[in-house]
Each structure stands twice: as C-alpha cells, then as structure tokens.
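[1] okay, here's the prediction I keep looking at, along with the sequence it came from:
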Amino acid sequence: MKHNRPLVTPRLLGIVWPFIAVALFQALLGCISLYMLSAVRGYVAGESLWSKGQKDAIYYLHLYVDTHNPADFEKYQQAMSVPQGGHRLRIALDQSPPDLNAAREGILQGGNSAQDVPSIIWFYRNFHNFSYMHTAIEKWGLGDEYLIELDNLAQDIHRVIAANQASAADEERWEKAISQINEGVTPAAKAFSDALGEGSRFILQLLIITNVTTALGLIALALMRTHKVLAQSREFAEALQVEKERAQITLESIGDGVISTDVNGAITYMNPAAEQLTHWKSGQAQGVPLAALFKLLDENALDDGFRLIDRILSGQLGNNSEHSKLIQRVDGSTVSVALVGAPILHAGKVSGAVLVLHDMTRERQYIANLSWQATHDALTGLANRREFEYRLELVLQNLARQQGRHALMFLDLDQFKLVNDTCGHAAGDELLRHICALLHSGLREGDTLARLGGDEFGILLENCPADAAEKIAEGLRQTVQSLHFAWKGRPFLNTISIGLVHIHQAPQTLEASMRAADMACYMAKEKGRNRVQVYHADDSELSLRFGEMAWVQRLHVALEDNLFCLYSQEIAPLGRAEEDGGHIEILLRLRDGSTDLILPDSFIPAAERYGLMTSIDRWVVENVFKIISQCPAPRAGQSMAMCAINLSGSTIGDEEFLAFLHEQFECYGVAPGRICFEITETSAIANLGSAIRFINELKGLGCHFSLDDFCAGMSSFAYLKHLPVDFLKIDGSFVRDMLDDPINRAMVEVINHIGHVMGKQTIAEFVESPQIEQALIEIGVDYAQGYIVERPQLFTCDSLWTRPKRPKALTLKLPGTLR
C-alpha cells in the first residue's frame, strides 16, 4: 500500500547538500593526495641522498685505503652519516611503540628538510604494509645490511692505518672487500628506488581514477536532484488541487458557519452551517452585504452599532480573545454565537474577509450545568463545601460593614458508618437523602444547608438571633432523632451531633469560624453524641482541644519537613568514675523559625491524644541511629556512650515498631548494647503485658531499659518486679525539693533502696545544685542528671565520646522527654 508523504517546500540546503558533500570529499581527497605525494617525494629525495651517500662513502673509503689521509676518512664518515640516518629512521619506526624523536633525528640526519618530517613519518606508519612500500622497505633494509658491513670494514681499516700497521696485502684485501660490498649494495639501492617509483605512479593512477569517479558521481547526483525537484513541483501542483478540493469538502462538512466576503463586505461564499445559522441560502446571499444577513447585538439585545466587516478587517475578532455575541436574523429570532474573523491577504494586500460563527446554544447549557455541579452536591442536591464557604465569606464581609447576628452550624451523623458497613452504600445514600429532607423542613427560607462531605453538613443562618439559632439547632436534633429509617426490614436509630457558633462580631475569619464550628461539633460527639454544643471563646475545655488540634497539623508538617532536632544531656555517675563509655539521654526539640526551640511538653499531649507519638518515636530512633552510624571510630582512650531513648505507651503496644527497630539496627549497624530505651512508669503499667514482651525481646538483642519518672504516679512497687529494667529514674519532683522536704528525701531513699534490692541502678533527675548532688551521694544513688552535670546540647558525634572529667555512657531518649 502506498503511503502519501506530506509535501514540504524544498529548501536551498536540501537541494545542494549532496554537491557540497561531494565537493568537500573531493577537497579532502585532494589534500590527502597532495600529502601522500609530498611524503612519497620525501622518500624519493631521501633515497637519492641515501644512494649518493653510500656511493660517496665507498669512494672516500677507496681513497682512504690508497692515501691513508685522515681527511679522506672524515669525508667517508660525513658521506656515510646520510644512509645511517635512514637506517635510524627505519629502526625507530619499526619499534613498538615507535620512537618518534629518534625517527625525526634520523630523517634530519639523512638530509631531508624539517618540513618533510611529519609526512614521512605518517606515510611510513600508515602505508608500510602497502605492497610497493613493503617491497621498498625490504630493499631498504637489505641495503642497510651492506652499509653496516661497509662501516664495520671502514672502522677496521681506520684502526690499522691509524696504527701504521697497514701492508700492501692488507690494502689489496680491503680494496677487494669494498668492491664486493659496492656490487651488493648497488642493486639493493636500485630496487629501493624502483619500488618507490612504482608506488608513486600507482598512487597517481589511483587518484586520477578517484577524482574521475567523484566527478561522475557529482554529475549523477545533479541529474537525480534535478529530476527530484521537477517531480516535487508536479506533486505540489497535484497536492494543491487535492487540498483545494479537501478544503471545499471540509467547509461543507464542519458544524461552524463560514462566510467569506470581498473587501467591501459583499458575500462571496457561505457553507451549509452558515446557511442554517443565518436562514439565508448561499445562492441568494451572493453579492449581498454582510450587514443584510443579520444584526449584531450585545447580550442585552441592543444594536452593537459597528459594522462587522470593519471589525474583521481591523483584527478585532481574532482568535486570541472571546467574542460571544447575539445575532438577530431577518425573521427576528436570535441565537448566541462566538465570532472569529480575519482579513484575507494576497501579496500583502487585503482582498477580503472570512467570518466563522460557532453556535453557543449547547455550550451555554453545558456551562450552566457545570456551574451548578461545581457548587452543589450530586447526591443530595445541596450546596457543596466550596459554595458554603463562599456564602459564609460574604456574610463575614458584610458583617464588617454592617452589624448583624448570624449562626454557623456543623452537623455530623452519629454512627452513620454502621449503616454503610452493615447495609451498603445504597442504604447510606438513601438515609442521607431522608436526612436532607428533614433538615430542610426545619430551616427558614433563605437559610443555607450544605453537604460538606460524607455525613457532615453545614448550615448558615443569616440574621438569626442567638436564642432562635439554638432553638433551630435543637429542633433539627429532635427531628433527626424522630426519624424512623429502615432498610430491608432492619431499623436504625438516627441521631446527630451539632456544633453551633454565633457570629456577631467583626473581624472574624472564615478559617476561624469553620474551625470553631468543627471543634464544637467534635466536642458534642465526645460528650456522648446526639447533642448541641455551643461554642464560647472563653470555654477552657474547647480552647484546650482547639490548641491540640492546631498542633496536629503542625506536627504533621514537622515530620514531613524534618523540623525536629535532637539534643543530649549527660547522666553522670555519683561518687565514682564511669567504667564504660558513659551515659547520655537524647532530648527532642521542635524548631520554630531559625533559632527558637519548642520543648516537648508543648506538643507531646496533642501528639499522644491524636496518635502521632509512634511516628515521632520512629523519627527519633532513625535519626539517632543515623548520627551514630556517621561518627568516626573513637580515638585511643575513648569509648562510645550508651544512649537512652524515651518511648511512648502507644509505641510499646505497636507490634510493627519491633520490626522497625530490627530494621534500624541492621540498616545502621548500631550495637544494641549501646542503646537504652526509657519507658514511663504509667505507660508500662497501662500496657504491662506489651511492655514485658517488648522489653524481653529487645533485651535479648542486648539493649538496656530505664523505667522513667518512677513513683510519679504513686503506683505500686509490686509492678516493678515484673519489669526487667536495668535503671530506675527517680522522678524529678522528689529530687528537686528533697533538701527542704523530708518526705521527698525519704521517697528518694526508699526508691533507691528498693531499686538496689531488685538489682537495678538508680538515676536521679533534676539535680541542679551541688548540695542535692552531695545528698544523693550520701543516699547511694548511682547516677545524676541535671544542670549541675550538663546542660542540654545539640546531639552530635562529640556527644558520644567520653570526656576527661566525666566519662559517660550513652542513653537515647525519644519524644517522651520533656526537659
């Protein structure tokens, strides 16, 4: 099957590029040819000098034998140096790798010009295996052997003559030997010269053939390209006719009306769609002014007042903007259309205009439907969250200009998930429709009811006093409670929790109003559901929950953007030197801006309430392990501290956290014996079974454990013997005032004694003065932690090494650390 290729206007480069390529190829070929001929010329010149040198050397050596004159021997040596240079050249280039410096020196010694050096070396290296060159090199080597023999003879002759020991017999023998060498080297020199001559003639013939072939190829390409250009011209003419016919058919088929005019606005063409829009036939409209077809109106049905043809010719109806208009036809009917027009240019001059009319009737219906769908819920037909927030925003803006009393309600169906889970979503959808009908019946005309998502609704009561709003809310609650909804014979009790916010003072933002209503609805559900909770700004319980909810988003951002940071604090031995690497506790901080730090007691309660503690604990473990793994090996006399990490109660009960710890130990290569996990007494007792399993599994790896804030909750000592921990941390509330309060001192003594009896070491927190430290030493407490020992510092590799004054062990503390 033949595929039609798209026709493209030929460009100059597309036509002449083969000629350019051939010309460049021929130029390159000429350069290479000249370079090769130059190299051959260098070899021919060298061969001539080589032959002359060997003949001169033989002549002067004959003369030296006859005259015994040292000057003749020097002339022999000068003549002999030329063929010896050629010998050095050949030997240097036959080496692997070639000795280019020695080859250059040999060429210059042989009498060639310095400008011939690169071409001679290049020719030898690239063409020495070429047949003629290979033969020449063999003859060259044969001649060199004779010259070596000649030079050895010359050296012997010179030695005997210099010693005045030459006899007539010697001279006759030398003459005979020189003649024999001459008879052998002359044929070799001639063969070398003949091989070079044959090679140069072959190269000349090859270059002539190549250039002739290239010329013929250029002529063939010229004929082919000319034929192709002529063929393309015919294809263009045929394609132009085809495109003209296709454009005619396309204009007849498209749904948009197309009208073309001459420069004066008289109709020259109309397609069927334009006939349908204007109620004119194309034959009737030929030569009729465009203004006679229809009137151009604005959206208010007023005459536009401008000639349409003038707008087209001035470019006011281009494609780059929307031109939606009403046109009034001759029968008085109107239709909404989008107009696009453009002048027709020929040779740079305007020869007419074309107008395209698109019927906008369906589009306007679609836009209306989309506008409704964008602002309403598809299931219930109520306003959606976007529309509800828009109307609330208008109320708040009007409140800034004019006093008024309004009310905002959030409603949440109680146990709606039960209907979906037990009977399916069809039942849930039907219940939502019933609820919407009931809620509508309990509202005033003009009140806004919206579905905010799932089973959550919002109501905006405009110009509604506080008592009336609360009465409406209570009525809605009772109405929903009285609904008897059953699905396939199964009845359901329906109740609703309502959060109500009175809006009567400005300024009040949309976000604050929505959050207050959401918080009030949340409190209504927490207090037992099926109630109305009115929001009051001075409600301490609501304020606390409000603040905690604000922390939730902030903590999510902190985890995503890595805004937490780690500090460490030393736990020092009391009254003795640390035997191992020491002990430090890892403390968590939250960065607030560039320099401010937020302590954990500000955000831990919110994190515990809303289930974020496990994520925070994971962050701390991973980052502590990462820092430890990046630290270099300790220097001589140093050892790494043991780190303690606080874990929350929810983390201890998380089965996946144990697998996470195994992964982290393996990933970062941290020794379990260097890690000590801290758990609070209250969390351990609340999850006693989980805590015991958790501790036993990690102790099996080699980890250590501390029981933090011991006796802070006044729990029974009986639980202690079930927890296989290594350290007891005496709560700081006892330590801080132990010098002034005998009961606190007694508590410290009792906890320390019980811990030692059970084989556990004790750590006192909040040790902030030398007097407290001394008292703890007297009691026998093992370790102290507080400002008297060390203030918290940024956790780095330096925190892990022992110090000269206080060797220490390393303890990691997770977000539960509040100091």
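    Right, received. Where do you want to start?

[2] now do the buried residues in stretch 774-792.
    Residues of stretch 774-792 classed as buried: 775-776, 779, 781-786, 788-790, 792 (neighbour count, 16 or more other Cβ atoms under 10 Å). Where you see a C-beta, it was placed from the backbone N, CA and C, and this is true even at glycine.

[3] average pLDDT for the biggest strand by length in the chain?
    For the chain, the longest strand by residue count, based on DSSP state E, is strand 334-346. In this model, strand 334-346 has a mean pLDDT of 80.

[4] quick one: mean pLDDT over stretch 30-39.
    In the prediction, stretch 30-39 has an average pLDDT of 71.

[5] what's next to that stretch, contact-wise?
    In this structure, residues lying in contact with stretch 30-39 by Cβ atoms under 8 Å, 6 or more residues apart in numbering are Asp116, Ser119, Ile120, Trp122, Phe123, Ser200, Ile203, Leu204, Leu207, Asn211.

[6] ok, now stretch 350-366?
    255-263, 265, 268, 273-274, 277, 290, 308-309, 312-313, 317, 324, 327, 335-345.

[7] run the last query once more with 6 Å
    Outside stretch 350-366, the residues that touch it by Cβ atoms under 6 Å, 6 or more residues apart in numbering are 256-263, 277, 312-313, 336-338, 340-344.

[8] just the buried residues from these, in ChimeraX please.
    A single ChimeraX command selects the buried members of the contacts of stretch 350-366 (16+ other Cβ under 10 Å):
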select :256,257,258,259,260,261,277,312,313,336,337,338,340,341,343,344
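
[9] residues contacting the residue in the chain sticking out farthest from the centre?
    Residue farthest from the centre of the chain, counting by Cα atoms, centre = their mean, is Ala168 at 97.3 Å. For Ala168, the contact set (Cβ under 6 Å, 6+ apart) is empty.

[10] longest helix anywhere in this structure?
    Counting by DSSP state H, the longest helix found in the chain is helix 168-253.

[11] mean confidence for that helix?
    76.

[12] after that helix, next one along is what?
    Following helix 168-253 in sequence order, the next helix or strand is strand 257-262 (DSSP states H and E).

[13] and Asp116, what pLDDT?
    72.

[14] tell me how the chain divides into domains.
    12-224, 256-365, 376-537, 553-800 (automatic domain parsing).

[15] in TSV, list those along with distance to Thr250.
    Below are those laid out as TSV (distance: least, Cβ to Cβ, whole Å):
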stretch	distance to Thr250
domain 12-224	30
domain 256-365	9
domain 376-537	39
domain 553-800	54
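
[16] closest to Glu243 out of those domains?
    domain 256-365 (16.3 Å; Cβ to Cβ).

[17] span of that closest one from start to end?
    Using Cα to Cα, to the nearest Å, the end-to-end distance of domain 256-365 comes to 18 Å.

[18] for Arg589, give me its contacts.
    By Cβ under 6 Å, 6+ apart, the neighbours of Arg589 are Cys565, Tyr567, Leu597.

[19] in JSON lines: those residues, plus distance to Ala437.
    Output for the contacts of Arg589, formatted as JSON lines (distance: Cβ to Cβ, whole Å):
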{"residue": "Cys565", "distance to Ala437": "55"}
{"residue": "Tyr567", "distance to Ala437": "59"}
{"residue": "Leu597", "distance to Ala437": "54"}
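
[20] still on that earlier bit, the longest helix of the chain to strand 257-262, inter-axis angle?
    100 degrees (axes from the mean of the first three to the mean of the last three Cα atoms, to 10 degrees).

[21] what mean pLDDT does stretch 481-497 have?
    87.

[22] so for it, what gets flagged as buried?
    Buried, per 16+ other Cβ under 10 Å, within stretch 481-497: Leu483, Phe485, Trp487, Phe492, Asn494, Thr495, Ile496, Ser497.

[23] can you pick out the most distant pair from the buried residues of stretch 774-792?
    Distances among the buried residues of stretch 774-792 were taken as Cβ to Cβ; the most separated pair is Ile779 and Pro792, at 25.2 Å.

[24] show me where pLDDT drops low in the stretch 251-400 of the chain?
    Low-confidence segments of the stretch 251-400 of the chain, defined by pLDDT under 70: 298-311, 313-323.
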